[in-house]
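Asks: build me a model:
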Amino acid sequence: MWVRKRIDLSWVDLNYALMHCGLPANSHREEIQANWSSSGDSMVCLSVRSGLDLLLQSLKLPPGSEVLMSALTIEGMIRVVREHGLVPVPVDVDIDTLSPRLDSLERAITPRSRLLIVAHLFGGRVNLNPIRQLADAHNLMLVEDCAQAFDGAPNGQLPVADCSLYSFGPIKTSTALGGAMVHCQDRQLIGRMRELESQYPEQSRWSYLQRVLKYGALMGISNRWAFTIMTRSFQRAGKDYDHFLRKVVRGFREEGFLERLRKRPSKPLLSLLQRRIDRFDEPRMTKHSRRGAWLTEQLPDSIVCPGYASSRNNYWVFPIMVDDPGPLVDRLRQSGFDAMQYGSMVAVPAPAGRPELEPDTARHILAKTVFLPLYHQMPRASLLRMAHLLNSLLAE
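Replies: Okay, here's the model as predicted:
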């Protein structure tokens, strides 16, 4: 069976991380930040959620201030906003681009609105220019969440957003099994964030080593044949392997949420992060993006691919929308393709008293979306077989 997603890390990279867990190491923090941006307007931190937490601490928004958010996001981002006494407000998205809809954004804005967080979803990129204009008109700080859309360091390109967040978490592109980059156009703001983070305890080497070993084990079972043996073993035992995988790759646990966010990345993590950023394989990313576009062309016209009209797309994941996802997922798995219906995404609920802001389109996307396996280890023949299978299943 072709596993739903491979960890974007080589065995050489994994051994590099293991070696640095046991050896004295420099922090590499300054080198990473300088290579990301020579203007002193970037910083490295433990995760994107850690970066957002630092940003909100530094802004010191009045309690009850509203943070407008792309209606599709991960639950952890919503939780960070709430932990600061702020109100998350959904901005519904367009299916074709997964961009926040301007009409939904205008309805969501009130005098209490202070911040707008736009998520680039599933590997696609949102055109921020029209959103920037509306944010400026209402004096909103614009933050872009690039966790799902990393395709190389900015290399001096001036971002449209006031603040940009990039993730190198375990299932992200060019992963370092943790770590994030934050870029802010306001150098005083990034300075306050750095000062806050400097007071945090450092993530222990043991904690990072445990993570490296866990994801090394997952890399071992992600081989097609090993994964097939594992899934069949779970089925014979009457267990749900899908539940097991979700539990294993889950991020920060519920207990001590902010405490877990408020740590500086360990030196071994920083060593691997520098390696991954410096050795980012742009030609492979281009090839993968073209393969995703090719797979889209092989699918029947009845299938909608949310985000297909994004300004650019690196196909971090490959989502399709169908009327009845459950049976389709079962048939794909029976045929050797580990599709799944639900990832880590949630729809941001409307705040109390504002039912008109309920994100109906975002919920529709979540209810109808199936994620297909797509990564460079899959030969084109297997992808074509999966496309033909989808054609035949939807024609029944």
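Asks: need the next SSE after the strand ranked longest in the chain, C-terminal direction.
Replies: What stands out as the longest strand in the chain, according to DSSP state E, is strand 113-119. Next helix or strand after strand 113-119 toward the C-terminus (DSSP states H and E): helix 129-137.
Asks: which outside residues touch that following helix?
Replies: Ser99, Pro100, Leu102, Leu105, Glu106, Leu116, Val118, Leu140, Met141, Leu142, Val160, Ala161 (CB atoms under 8 Å, 6 or more residues apart in numbering). For every residue, glycine as well, the C-beta is placed using N, CA and C.
Asks: and if you look at stretch 318-333?
Replies: With CB under 8 Å, 6+ apart as the contact definition, stretch 318-333 has outside contacts at 1, 95, 122, 231, 292, 295, 299, 303-307, 338-341, 365, 367-374, 386, 389-390, 393-394.
Asks: quick check on Leu372: phi, psi?
Replies: With angles defined as degrees, to the nearest 10, Leu372 sits at phi -100, psi 150.
Asks: my read: it touches Phe337, true?
Replies: Yes: using CB atoms under 8 Å, Leu372 makes contact with Phe337 at a distance of 6.9 Å.
Asks: can you show me the helices along the stretch 251-396 of the chain?
Replies: In the stretch 251-396 of the chain, the segments counted as helices under DSSP state H, counting those that start in this stretch are 257-261, 267-278, 282-298, 325-334, 360-368, 380-395.
Asks: make CSV out of the ones you listed and add mean neighbour count, distance to Thr173 and mean pLDDT.
Replies: Below are the helices of the stretch 251-396 of the chain laid out as CSV (neighbours: other CB atoms under 10 Å; distance: least, CB to CB, whole Å; pLDDT from 0 to 100):
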stretch, mean neighbour count, distance to Thr173, mean pLDDT
helix 257-261, 16, 22, 93
helix 267-278, 23, 9, 95
helix 282-298, 14, 7, 93
helix 325-334, 16, 24, 92
helix 360-368, 18, 21, 96
helix 380-395, 15, 19, 91
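Asks: for those, which one sits closest to Leu52?
Replies: Closest approach to Leu52 among the helices of the stretch 251-396 of the chain (CB to CB): helix 257-261, 8.8 Å.
Asks: what is the closest one packed up against?
Replies: Judged by 3 or more CB pairs under 8 Å, 6 or more residues apart in numbering; DSSP states H and E, helix 257-261 is in contact with helix 48-59, helix 75-83.
Asks: right, so these: which one is the most enclosed?
Replies: The highest average neighbour count among these, using mean count of other CB atoms under 10 Å, belongs to helix 48-59 at a mean of 24.
Asks: same question for the next helix or strand after it, mean pLDDT?
Replies: Where DSSP H and E defines the elements, the next helix or strand beyond helix 48-59 is strand 66-70. Averaged over strand 66-70, pLDDT sits at 98.
Asks: got a winner among the contacts of helix 129-137 for most neighbours?
Replies: Ranked by neighbour count (other CB atoms under 10 Å), the contacts of helix 129-137 have Pro100 at the top, with 30 neighbours.
Asks: beta-bridge partners for the nearest residue to that residue once chain neighbours are set aside, please?
Replies: In this structure, Pro100 finds its nearest non-sequential neighbour in Val91, 4.1 Å apart by CB to CB, 6 or more residues apart in numbering. With DSSP bridges as the criterion, Val91 is bridged to Ser70.
Asks: my read: Val91 touches Ser113, true?
Replies: No: contact criterion CB under 8 Å: Val91 and Ser113 do not qualify, at 10.4 Å.
Asks: quick one: which of the two has more around it?
Replies: Set Val91 next to Ser113 and count neighbours by other CB under 10 Å: Val91 wins out with 28 against 20.
Asks: since that was my last question, I'll sign off now.
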